[in-house]
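[1] With the input below, show me the fold.
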Amino acid sequence: MQIPEGKKIYFASDNHLGAPTHEESLIREKKFVSFLDEAKKDAAAIFLLGDLFDFWFEYKEVVPKGFTRTLGKLAEIADSGIPIFFFVGNHDLWMDDYFQKELGIEVFHKPQEFLYNNKRFLIGHGDGLGPGDIGYKRMKKVFTNPFSKWLYRWLHPDIGVRLAKHLSVKNKLISGDEDAKFLGEENEWLALYAKRKLEEKHYDYFIFGHRHLPMKIEIGQNSVYHNLGDWIVHYTYGVFDGESFELKNWK
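    Numbering: from 1, shown residues only. From the prediction side, this is the model:
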């Protein structure tokens, strides 16, 4: 795809809406909606790289309540013709087809390749990739198993949502989160994953979330790994203007 002149592609990740309390989340949600309002003015596309919610589970006829401002703004942007791509994170991995049907947003469960202005991107949330984190990788297989989701749907939504919110905050193994500390360029496991992928094919940009740390690591000749940070502490997002990628802070 060739980005039209004057247009940009926007990237954001790890909002964790709903946490730690409704009141605190609402403040962050309003900031994010203001960002989306600004982005839609010149966006060729918007990528959301997962963990938009601190917990999300789709029952057959029920979804978690709340997040009205965000969902409404996303629907407005999608209805205007701007494509939005959503990558499921470890906190919203039980997403099904609600975003496609209600908002017109394409949803991905694995990293995907995109080509813009002859620049090749590999984009994803980032959980379960790279070396290590064996415990979470095993748990993810359990959580994404169709039988596990079928069993969970038998819980009344009031019980299921409350239980999952508790586990999301309290259980690090289930959340898959790491302490948000920079591990060094040689130890950042998503950078190591990117280096391994370069052995198969050249990518100009690897764009991921999950780590909650904005970072830029050069991993090869003309190849860079970026982590988008979060909308809890850093309020960072990525912009590709057709020629280069840049991390920015929202005001």
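[2] quick one, helices of the stretch 51-200 of the chain?
    Ranges of helices within the stretch 51-200 of the chain are 68-79, 98, 134-143, 146-152, 157-170, 172-175, 189-198, based on DSSP state H, counting those that start in this stretch.
[3] Give me the average confidence score over the helix or strand just after the last one.
    By that I understand helix 189-198. Per DSSP states H and E, the first helix or strand lying C-terminal to helix 189-198 is strand 205-208. Confidence for strand 205-208, expressed as mean pLDDT, is 98.
[4] So what's the gap between the helix or strand that strand 205-208 is followed by and the chain middle?
    Next helix or strand after strand 205-208 toward the C-terminus (DSSP H and E): strand 214-220. Relative to the chain's own centre, strand 214-220 is displaced by 18 Å; criterion: CA atoms, centre = their mean, to the nearest Å.
[5] Glu24 is nearest to which of the helices of the stretch 51-200 of the chain?
    Closest to Glu24 of the helices of the stretch 51-200 of the chain, according to CB to CB: helix 157-170, at 12.5 Å. Any C-beta I mention is one placed from the backbone N, CA and C, and that applies to glycine too.
[6] quick one, what contacts Ala78?
    Ala78 makes contact with 84, 103-105, according to CB atoms under 8 Å, 6 or more residues apart in numbering.
[7] any idea which of the helices of the stretch 51-200 of the chain is most buried?
    Of all the helices of the stretch 51-200 of the chain, helix 189-198 carries the top mean neighbour count, a mean of 20, counting by mean count of other CB atoms under 10 Å.
[8] TSV for the contacts of Ala78, including distance to Phe182, neighbour count and pLDDT?
    Below are the contacts of Ala78 laid out as TSV (distance: CB to CB, whole Å; neighbours: other CB atoms under 10 Å; pLDDT from 0 to 100):
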residue	distance to Phe182	neighbour count	pLDDT
Ile84	30	21	98
Leu103	34	19	96
Gly104	37	15	96
Ile105	32	20	97
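[9] which residues of this structure score low on pLDDT?
    Per-residue confidence for the chain (pLDDT under 70) gives these ranges: 133-136, 139-140, 143, 164-179.
[10] Mind listing residues that contact the longest helix along it?
    With secondary structure taken from DSSP state H, the chain has its longest helix at helix 22-39. Outside helix 22-39, the residues that touch it by CB under 8 Å, 6+ apart are 8, 10, 12, 15-19, 46, 54, 66-67, 69-70, 73-74, 77, 231-232, 235, 237, 250.
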